[in-house]
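K.L.:
Sequence first, predicted coordinates after that:
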Amino acid sequence: MARKLDPEEKIVNAALRLAASRGWTGLSLADIAKAAKVSLSELSKHFSSKVQILAAYGRRIDAKVLQDVSAEDMSGEAARDRLFDVLMMRFDALSEDKAALRRIAADMRRDPLAGALLARPLLQSMGWMLEAAGIDSSGIAGSVRVRGLALVWGAAFRVWLDDGEDQSKTMAELDRRLREGSELLERLSRFDPRRRRETPDEDKAA
């Protein structure tokens, strides 16, 4: 017996279906409520904008990735390799909705305000992806990692939208961006005032 969807799930699913067939810009909340078979009043209890619907979809994907990661054994892998695996899991989780995401992304490029409103949910998602890979996302250093990963994800996501089923171009782009990002962070860490160089014993004796 199929699991009964709660109203939020129905609304998000309906929004994605409509986006795939009609695009995102022209959709109204009333259109989405009708497709989800809920009243506009019921929709308003969960979402006040289409951006919030997309943010909820992002949280759904986060939860799916975190669940998948818990079943994987990444012990022994380098941090960059773990992060690569986690982000590829995220692309796999998005794959069923690729047609909708392609239309949404195209419309978002013409709507910078909506894109700006999605920045915070994206950063929150990237924080979870770092944590899933066993990389600290807290503090100042974590904030830098989160923002850097958001740039990496954005570049790879644009490639993924037009990539084939083997995702070879996406993997190549993601690997390159993660490599460049880790090298940049290493260079920046050399200027961290909290990073102290150990003094040789002979220097101490002098």
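P.N.:
Noted; the coordinates are in hand. Model, not experiment: these values are computed from the prediction. Numbers count the residues shown, from 1 in each chain.
K.L.:
How about the contacts made by residue 167?
P.N.:
By CB atoms under 8 Å, 6 or more residues apart in numbering, the residues touching residue 167 are 88, 91, 160. In short, each C-beta sits where N, CA and C put it, glycine included.
K.L.:
how many neighbours does the second one have?
P.N.:
By the other CB atoms under 10 Å criterion, the neighbourhood of residue 91 contains 20 residues.
K.L.:
Please tell me how far it sits from residue 100.
P.N.:
15 Å (CB to CB, to the nearest Å).
K.L.:
Repeat that for the first one.
P.N.:
Shown here: residue 88 relative to residue 100, a distance of 20 Å by CB to CB.
K.L.:
Residues contacting the strand or helix carrying residue 32, please?
P.N.:
With elements taken from DSSP states H and E, the one containing residue 32 is helix 29-36. Helix 29-36 is contacted from outside by 7, 10-11, 13-15, 17-18, 39-40, 42-44, 47, 49-50, 53, using CB under 8 Å, 6+ apart.
K.L.:
Go ahead and confirm residue 5 touches residue 12.
P.N.:
No - applying CB atoms under 8 Å, one finds residue 5 not in contact with residue 12, separated by 9.4 Å.
K.L.:
For the two, indicate the residue with more neighbours.
P.N.:
Set residue 5 next to residue 12 and count neighbours by other CB under 10 Å: residue 12 wins out with 24 against 12.
K.L.:
so where does that one fall, helix or strand?
P.N.:
Short version, using DSSP H and E: residue 12 is in helix 7-22.
K.L.:
The helix holding residue 32 to helix 7-22, inter-axis angle?
P.N.:
100 degrees (axes from the mean of the first three to the mean of the last three CA atoms, to 10 degrees).
K.L.:
tell me what the helix or strand following helix 29-36 is packed against?
P.N.:
As assigned by DSSP H and E, the chain's next helix or strand after helix 29-36 is helix 40-46. Judged by 3 or more CB pairs under 8 Å, 6 or more residues apart in numbering; DSSP states H and E, the packing partners of helix 40-46 are helix 7-22, helix 29-36.
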